[in-house]
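Participant: Below is the structure, and that's it, no one-letter string:
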C-alpha cells in the first residue's frame, strides 16, 4: 500500500494548483474576444474580463472546490471511495431545501441556510434509519442513502409539477446547474461557506 508522504502531498497539490491556475487563465482569455489579461486592456475588454468571464470562471472553480470538499469529507468519514453527497442523499436534501425556498419566494440570502438545513436533515435521516440495527456500517449508510435519495428526488419532481411555469424554470436551472454572471461579493459570500466547511485545515494527517 502506498502511504502518503509530505513530499507526495506537496507535489500533488502544487501540480493541481498550477493546472487550476492555467485553466482559469485560459478560460478568461479564450473566447470570441481574445486578449491577454496582463496587458493594456481597453474599456470594452476590461468589462468583458471583470464583469463576464472572470466571475463565471471563479464561480465554476468554487463549485468544483465545494464538490471536492464534500466528496472527500464523506469518503474520509465513512472510509469508502463510493461515498459522496449524491449517493448518501445529502445533495437531494439540499436541492429540496432550495426548491422550497423558491416555492415560498425566500430572498437569496436565506437560500443557503435553507439548503443547509435540508442537507443536514437528509444526513440525520440516513443515519437515523441506518441505526435501527445494533451496528451502523458504511455499507448500510450508503444503501440507506440511495433509497432516501430516490425518495427525495421523487418529492422534488412532485413539487416541480405543482409550481408555476416561472418557478419550474428556476427549479430546472437549479437542478442542471448554470454559471450565470454573479458579482464578486456574492461569490465571496459563497466561498465563505466552502472555506468554513473545508475539513483539511482541521484534519490530522499521519505521514
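Facilitator: Now that the structure is in, tell me what you want to look at. It should be emphasised that the depicted structure is a prediction, and the values quoted were computed from it without experimental measurement.
Participant: Ignoring the adjacent residues along the chain, who's closest to residue 48?
Facilitator: residue 33 (5.8 Å; CB to CB, 6 or more residues apart in numbering). To be clear about C-beta, it is placed using only N, CA and C from the backbone, and glycine gets the same treatment.
Participant: close enough to count as contact, that neighbour and residue 46?
Facilitator: No. With contact defined as CB atoms under 8 Å, residue 33 does not count as touching residue 46 (11.2 Å).
Participant: Outline the domain layout of the chain.
Facilitator: By the assignment in automatic domain parsing, the chain contains the domains 1-79+180-207, 85-176.
Participant: Ranking the ones you listed by mean neighbour count, which comes first?
Facilitator: domain 85-176 (a mean of 16; mean count of other CB atoms under 10 Å).
Participant: Now do the helices in the protein.
Facilitator: 6-29, 43-48, 54-78, 90-104, 111-130, 138-162, 165-176, 184-197 (DSSP state H).
Participant: out of those helices, nearest to residue 84?
Facilitator: For residue 84, the closest of the helices of the chain is helix 54-78, at 4.7 Å, according to CB to CB.
Participant: mind checking how far stretch 55-64 is from the chain centre?
Facilitator: Stretch 55-64 has its average C-alpha position 10 Å from the chain's average C-alpha position, going by CA atoms, centre = their mean, to the nearest Å.
Participant: Apologies, that question was intended for stretch 98-105.
Facilitator: 19 Å.
Participant: which residues are in contact with it?
Facilitator: For stretch 98-105, the external contacting residues (CB atoms under 8 Å, 6 or more residues apart in numbering) are 110-111, 114-115, 118, 156, 159-160, 163, 167, 170-171, 174.
Participant: Quick one: mean pLDDT for it?
Facilitator: Mean pLDDT, stretch 98-105: 87.
Participant: Please apply the same query to stretch 58-78.
Facilitator: 85.
Participant: Likewise for stretch 8-26?
Facilitator: Stretch 8-26 comes out at a mean pLDDT of 88.
Participant: dump the residue contacts of residue 160.
Facilitator: Here residue 160 is in contact with 99, 168, 171-172 (CB under 8 Å, 6+ apart).
Participant: rerun at 6 Å
Facilitator: Applying CB atoms under 6 Å, 6 or more residues apart in numbering, we find residue 160 in contact with 168, 171.
Participant: how close does it sit to residue 115?
Facilitator: 16 Å (CB to CB, to the nearest Å).
Participant: And the contacts of stretch 98-105, which is closest to residue 126?
Facilitator: With CB to CB as the yardstick, the closest approach to residue 126 among the contacts of stretch 98-105 comes from residue 118, at 12.8 Å.
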